[in-house]
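Engineer: Take this sequence and fold it.
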Amino acid sequence: MKFIALWCLVFSFSAMAQKEISPQQFQSQVKPQLWGIVSEFYQMIEQFPDYPKGFNRLIALSRQFEIEKQSLIKTCPRYIIQDCLPTIENMLKITQELDYQTTSFYGALKTNEEPYISGLTGLRFIDLYQSQLFELKNSLEFASFTFRAKKSKIKITPIVLTFDRMRTYLSLCVPEFTPYVYKKNFTQFYMNFIGPVERYLGTPLAHTFFYQNLKEFNFSLNLIHQNLTKRSKKTPVGMGSGLNNLQYRWNQIMRVYY
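Structural biologist: Numbers count the residues shown, from 1 in each chain. So this is what the prediction gives:
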C-alpha cells in the first residue's frame, strides 16, 4: 500500500502541467534549494560510522575546481591564452589542496567493520582518482610553464578530460562507503539525483537540464524518503530530520514548477 501511495504522489505531479520558469527564477528560487539538498545529503551520509572523515572535503574542492573548469572553457574554448592564466593558477592551487587532503584522507581511514568489500571497492576508486589527480597537476604545470616560456598553443582538452575522469571516480566512491543494508537506497538516490544535480548545477545548462529531468528527480527523492521513513527498513540513526529536510526543500521546488 505504501508503494502505491508513493506512485500516486509521483503521478499526481505528472498529471499536472509542469510550468516553464525563467533562468532568473531558477537562480533565485530553485538553485539554492538544490544546493541545500546536496549539502543535506552529504551531512547525512557523513554520520555513517565507516564513512571516511575528510571525504566530503574532497567533494567540496572538486566542486570548486568545476567552477574554474567552466570559467576556463568559457574564456579559452580550445587553446590557452593570456586571459586563462589566472584560472590555470587557481586550478593549480586547488589541485595542491586536493593532493594534501587525499593524503590526509588515507591517514584517517579505518577498517570497515562490516563483512563486505564495499569499502575496498571505494578505496580502489580513490587510487584511480589519485592517479588522475597526479596527471591533472602535471597537465596544469606543463600548460602554465610552456605558455609563459614559449607562448605556444596548448589545448585545454587534457585538463578538462582528466578532471572529468577524476570526478567520475570520486562519484563512484560515495555509495561504496555507505553501510551495506542502505547501499541500494543511497546508490539510487546519489546516481539519479545528487550526482547529476552536482554535475550540472554550476554549468550554463543547469536551468534546462533540471526542467527536462524534473519528473525523474521527483521520483528519486520521493523514493528514498519513502523507503527510509515509511517502510519496514529502519531509518538510519540520526537521519530522520535530514530526510525530512530533503523532502521539505523538494516540496518548495515543486511549488515553483506546479
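
Engineer: For the chain, which helix extends over the most residues?
Structural biologist: helix 118-150 (DSSP state H).

Engineer: Would you mind giving the domain segments of the chain?
Structural biologist: Using automatic domain parsing, the domain parsing of the chain gives 22-48+178-258, 51-177.

Engineer: Starting from the longest helix of the chain, tell me the next helix or strand along the chain.
Structural biologist: Counting by DSSP states H and E, the next helix or strand C-terminal to helix 118-150 is helix 157-176.

Engineer: Just the C-alpha atoms of that following helix, please, in PDB.
Structural biologist: The C-alpha trace of helix 157-176 is given here as PDB (Å, rounded to 0.1, in the frame of the first residue of the first chain):
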ATOM      1  CA  THR A 157      41.300  19.200 -23.600                       C
ATOM      2  CA  PRO A 158      43.700  17.200 -21.500                       C
ATOM      3  CA  ILE A 159      42.900  19.300 -18.400                       C
ATOM      4  CA  VAL A 160      39.100  19.100 -18.900                       C
ATOM      5  CA  LEU A 161      39.000  15.300 -19.700                       C
ATOM      6  CA  THR A 162      41.400  14.400 -16.800                       C
ATOM      7  CA  PHE A 163      39.300  16.300 -14.300                       C
ATOM      8  CA  ASP A 164      36.100  14.700 -15.600                       C
ATOM      9  CA  ARG A 165      37.600  11.300 -15.000                       C
ATOM     10  CA  MET A 166      38.600  12.300 -11.500                       C
ATOM     11  CA  ARG A 167      35.100  13.400 -10.700                       C
ATOM     12  CA  THR A 168      33.700  10.100 -12.100                       C
ATOM     13  CA  TYR A 169      35.900   8.100  -9.800                       C
ATOM     14  CA  LEU A 170      35.100  10.300  -6.800                       C
ATOM     15  CA  SER A 171      31.300   9.900  -7.600                       C
ATOM     16  CA  LEU A 172      31.700   6.100  -7.700                       C
ATOM     17  CA  CYS A 173      33.200   6.200  -4.200                       C
ATOM     18  CA  VAL A 174      30.200   7.700  -2.500                       C
ATOM     19  CA  PRO A 175      27.800   4.700  -2.500                       C
ATOM     20  CA  GLU A 176      30.700   2.300  -1.600                       C
END
